[in-house]
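[1] With the sequence up front, the predicted model follows.
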Amino acid sequence: MPDKCTLHIGDKKFDLPIRKGTVGPNVIDITELYKNTGYFTFDPGFTSTASCKSDICFIDGDKGILLYRGYPIEQLADKSNFIETAYLLIKGELPNRQQFQEFSGAIKNHTMVHEQIRSFYNGFRRGAHPMAIMLSVVGALSAFYADSANVNDANEREISQRRMIAKVPTLAAMAYKYSIGQPFVYPDNELDYIENFLNMCFSVPAFKYKINQTISHALEKIFILHADHEQNASTSTVRLSASSAVNPFASISSGFSSLWGPLHGGANEAALKMLKTIGNVKNIPEFIKRAKDPKDNFRLMGFGHRVYKSYDPRAKIMQKACHEVLEVSGKKNDDLLKIALELEKIALNDDYFVSKKLYPNIDFYSGITLNAMGFPTEMFAVLFAVARTVGWIAHWGEMYSDPENKLNRPRQLYIGKDKRDFIDISKR
Ligand code: SDX
């Protein structure tokens, strides 16, 4: 394995160091390229760019491998719980019993939000998309918790990480309750993290919500699957905004903004709407045809991935959770699932999708599952973001411990006008 490569520009030669990872692609270090050659690299969409070094999450898109701190996602989804996985992503190791008790206890102590935050919700129309509410109220936390906003203080960073993990589900449940005109439900620290979230979403004063263990275990699995995913668009957004040393709440709020998009975390909402639009398995061929037509901007939502060029390992686990939830919800013959299974079968045998390596991703089955749990479509991206807050905050913490961390400030290939003089309006 060479430790450098040589770039020839005209009659000049430039050596560029090669840096090796534990597994996966190695990188050509171009940090000195512009200084030594006067050239930038060009990579819109960052399809060939490593923005940072990280030891949190590894994806092998060809083999369909996903590791959180080296542990396969299949094992964590099967054997771990969300708070333990959060500890692993943030600290790098699975906690022992004492560490887990301390961490989960600290999270419980931060689940309530300042009472004044309740008034933010009243400023929204009842029909406002809950992601619009979330990116506002998460950012607004910076106006209430200035005592843990100093990103250069490791102790304050740890408090902010715990506050974020603890408070985001409370804010998300409040956004859901507000959208359906029901009163907010306070956190109940007698319950574990997932049960507490379900209770805050589905309990009402007149009727105490009864936790269904199958639903609770399925949501725990779904949250583990969504917790982190390397340098995806929203995690990269959090890293870029945090590189200005802004407070953590503002950075995490930028993650909500990016994740909301239908090409990213909004795909679960878009995928369910797509399945509803298809409406019947006999309509599938028409939509497959549209998805393949370059002139038609219709895409199969929940299909394809920038990194996975094989089956998203999370989608397999998601599909299993989907069957479990539909079974316990009495919806095992759900029409949407029938359409999804038939759509997947047809697409995976169609040369267009096979040749472009387009497989179902995590968003393909999550919508059906969350829908069966009783969440409205607009809440799907919120649930994704509640889980991904853990990954965002883990990468946020890693950034500040990286001596190579600096303000992120990309350059460009300028293709605009060269210098020219101003012309008075009378002469234009
Ligand atoms: C998530 O990055 C992450 O890790 C994200 C995520 C995470 O956990 O954080 O995994 C979560 O965001 C999953 C992805 C959810 N998005 C969707 O399901 C939306 C539908 N998928 C596509 O829009 C698309 O697949 C992307 C955006 C996800 C990835 O697209 P790329 O990598 O930019 O590739 P591309 O758009 O250039 O597509 C390559 C080709 C194109 O055709 P050609 O120009 O080569 O002729 O494949 C086609 C595309 O038209 N294509 C699709 C398609 N996805 C890509 N054609 C039909 N249906 C699709 N879904």
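    That came through fine.
[2] Please give me every residue in contact with P360.
    Contacts for P360 were tallied using Cβ atoms under 8 Å, 6 or more residues apart in numbering; they are 302-303, 311-312, 315, 319, 344. All C-beta atoms are positioned from the backbone trio N, CA, C, and that covers glycine.
[3] Now the buried members of these.
    Those of the contacts of P360 that meet the buried threshold are 302-303, 311-312, 315, 319, 344, by 16 or more other Cβ atoms under 10 Å.
[4] Identify, from those residues, the entry nearest to the ligand.
    Using Cβ to the nearest ligand atom, F303 is the member of these that lies nearest the ligand, at 3.8 Å.
[5] got a list of what the closest residue to L259 other than its chain neighbours touches?
    Leaving aside its chain neighbours, L259 sits nearest to G265 (3.5 Å; criterion: Cβ to Cβ, 6 or more residues apart in numbering). For G265, the contacting residues are 234, 259, 363, 381, 384-385, 388, by Cβ under 8 Å, 6+ apart.
[6] how close does G265 get to I133?
    15 Å (Cβ to Cβ, to the nearest Å).
[7] just K356 next, same as before
    From K356 over to I133 the distance is 36 Å, taken as Cβ to Cβ.
[8] same check, this time on H229
    Counting by Cβ to Cβ, the separation of H229 from I133 is 24 Å.
[9] Equivalent analysis for K316, please.
    As for K316, its distance to I133 is 33 Å (criterion: Cβ to Cβ).
[10] okay, among the contacts of P360, which ones form the most distant pair?
    Taking Cβ to Cβ as the measure, the contacts of P360 span a maximum distance of 13.7 Å, between F303 and Q319.
[11] sec struct for L66, please.
    strand (DSSP: H, G, I helix; E, B strand; the rest coil).
[12] ok, how many other residues are close to the closest residue to the ligand within the stretch 201-350 of the chain?
    Going by Cβ to the nearest ligand atom, the ligand is nearest to G304 of the stretch 201-350 of the chain, at 2.3 Å. Neighbourhood size, G304 [other Cβ atoms under 10 Å]: 21.
[13] Touching, it and L358? I think so.
    Yes. With contact defined as Cβ atoms under 8 Å, G304 reaches L358; the gap is 4.3 Å.
[14] Near the ligand, which residues of the chain are found?
    Listed as neighbours of the ligand in the chain under the rule Cβ under 6 Å from any ligand atom: 229, 232, 263-265, 267, 291, 294, 299-307, 356, 358, 361-363.
[15] where along the chain do the strands fall?
    Assigned by DSSP state E, the strands in the chain fall at 4-9, 12-19, 27-28, 57-60, 65-68, 71-72.
[16] Residues contacting the second one, please?
    This means strand 12-19. Strand 12-19 is contacted by residues 1-8, 26-30, 32-33, 36-37, 53 when judged by Cβ under 8 Å, 6+ apart.
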